[in-house]
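Colleague: Dropping the sequence and predicted coords here.
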Amino acid sequence: MTVSQDAALTVRGLHAGYGGRTVIERLSLPAMVPGRLVALVGPNAAGKSTLLRAMAHLVRMRGEIRLGGIDLARLKPAERAATIGFMPQSLPDDVSLSVLESVIAAITVTAGGGDGTPVAERALDVLEDLGVADLASRTLNLLSGGQKQVVSLAQAIACAPPVLLLDEPTSALDPARQFQIMCIVKGYAVAGRIVVAVMHDLALAAQWADEIVVLTRGRLHGAGPPADILTPGMLAEVYGIAARVERCSEGRLQILVDGVVPPRPIRAAAGGQIEPVTRREFR
């Protein structure tokens, strides 16, 4: 299967959830194009991880998710693994594979031939690029949370897929490691691939993302460049915080939280029914 280098990732009319519970309804997103890092942000339970897992075809979903002319839902498992690299929030705790074996497995499952380099060598190269080659012989169940996160990223990028989906890639990392990993992730996007990352840290999203997509209650609130999206109004409406958005001496966006926005007042409608004041009226 050949993917065009300029193929965009599109989501149209997506419904997704778990069991009988729908988390995302009728969601459509602006096209996500190669060379750009897209940050998915929003409060807890906004549907960010569900959206990412739906794009990887790991949860119940209906709607359209395409990469150029390719319907990702119709791909065979090996084709999907070669097309989409998925990094979950955490790896299982009871896996006794070594780090090197886990990356070899990630390469092997795609049935990709690569460039003729032995699979073990390719796996070790990925670990070296991420600065964790010294963990190659360690078993996954003995790693720290931060080490597992980096190894999980290694598994996701091992086959250089055109689409990389990352669920909170820096949540367990210290600031130095966060910077290193985000440099690698950004470089992966700049090299001509699509990178979509769930991020809770809005400062990191502002610093590294080319586009920010804001979700709330399973629906799209807004999408665009960080400077257009990260505004006091959005932070109040979506996150319920009173905050200032300013630029530091280097020109980077900074978010300074001053407090919590009180809940919107309610009023009695005709007939005594209680209804919330609209956003426009509240302002």
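Modeller: Received it, and whenever you're ready, just let me know what you need.
Colleague: Then Ser96 would be within a strand, right?
Modeller: No: according to DSSP: H, G, I helix; E, B strand; the rest coil, Ser96 belongs to no strand; its state is coil.
Colleague: in what helix or strand does Phe179 lie?
Modeller: Counting by DSSP states H and E, the element that carries Phe179 is helix 175-190.
Colleague: And that helix, what's buried?
Modeller: Of the residues in helix 175-190, those with enough neighbours to count as buried (16 or more other C-beta atoms under 10 Å) are Arg177, Gln178, Gln180, Ile181, Met182, Ile184, Val185, Lys186, Tyr188, Ala189. (Each C-beta comes from the backbone N, C-alpha and C, glycine too.)
Colleague: go on, stretch 27-36?
Modeller: The neighbour-count check on stretch 27-36 (16+ other C-beta under 10 Å) flags Leu27, Leu29, Met32, Val33, Pro34, Arg36 as buried.
Colleague: what does stretch 137-145 give?
Modeller: For stretch 137-145, the neighbour count (16+ other C-beta under 10 Å) marks Leu140, Leu143 as buried.
Colleague: for this protein, what spans make up the helices?
Modeller: Along the chain, the segments classed as helices by DSSP state H run 48-55, 77-83, 99-108, 119-129, 145-157, 175-190, 202-208, 226-229, 232-234, 279-282.
Colleague: So for the last one, mean pLDDT?
Modeller: Here the mean pLDDT over helix 279-282 is 34, rounded to a whole number.
Colleague: And stretch 132-145, end to end?
Modeller: Chord length of stretch 132-145, first to last residue, is 14 Å (C-alpha to C-alpha, to the nearest Å).
Colleague: separation between Asp94 and Leu142?
Modeller: 11 Å (C-beta to C-beta, to the nearest Å).
Colleague: how is this protein carved up into domains?
Modeller: Annotated domains of the chain cover 9-230, 231-283 [automatic domain parsing].
Colleague: quick one: contacts for Gly63?
Modeller: By C-beta atoms under 8 Å, 6 or more residues apart in numbering, the contact set of Gly63 is Val11, Arg12, Gly13, Leu14, His15, Ala16, Leu27.
Colleague: out of these, which are buried?
Modeller: Buried members of the contacts of Gly63, scored by 16+ other C-beta under 10 Å, are Val11, Leu14, His15, Ala16, Leu27.
Colleague: Tell me which two of those sit farthest apart.
Modeller: Farthest-apart pair in the buried ones among the contacts of Gly63 is Val11 and His15; separation 11.1 Å (C-beta to C-beta).
Colleague: Please identify every residue contacting each of those two.
Modeller: Leu27, Gly63.
Colleague: longest strand of the protein?
Modeller: Longest strand in the chain, counting residues (DSSP state E): strand 21-32.
Colleague: Convert that strand to PDB, retaining C-alpha atoms only.
Modeller: C-alpha atoms of strand 21-32 as PDB (Å, rounded to 0.1, in the frame of the first residue of the first chain):
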ATOM      1  CA  ARG A  21     -21.600   4.800  26.100                       C
ATOM      2  CA  THR A  22     -21.000   7.300  23.300                       C
ATOM      3  CA  VAL A  23     -18.200   9.700  24.000                       C
ATOM      4  CA  ILE A  24     -17.800  11.500  20.700                       C
ATOM      5  CA  GLU A  25     -20.800  12.500  18.500                       C
ATOM      6  CA  ARG A  26     -20.900  13.900  15.000                       C
ATOM      7  CA  LEU A  27     -17.300  15.100  15.200                       C
ATOM      8  CA  SER A  28     -15.600  16.600  12.100                       C
ATOM      9  CA  LEU A  29     -12.100  18.100  12.200                       C
ATOM     10  CA  PRO A  30     -10.100  20.400   9.900                       C
ATOM     11  CA  ALA A  31      -7.700  18.300   7.700                       C
ATOM     12  CA  MET A  32      -4.400  17.400   9.400                       C
END
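Colleague: so it versus helix 48-55, what angle?
Modeller: 70 degrees (axes from the mean of the first three to the mean of the last three C-alpha atoms, to 10 degrees).
Colleague: Partner strands of strand 21-32 and their direction?
Modeller: Applying DSSP bridges to the sheet, strand 21-32 is found paired with strand 9-18 (antiparallel).
Colleague: what's in contact with the partner strand?
Modeller: Under C-beta under 8 Å, 6+ apart, the answer for strand 9-18 is 22-29, 31-33, 47, 50-51, 53-55, 59-67, 163, 194, 196.
Colleague: Lovely, talk soon.
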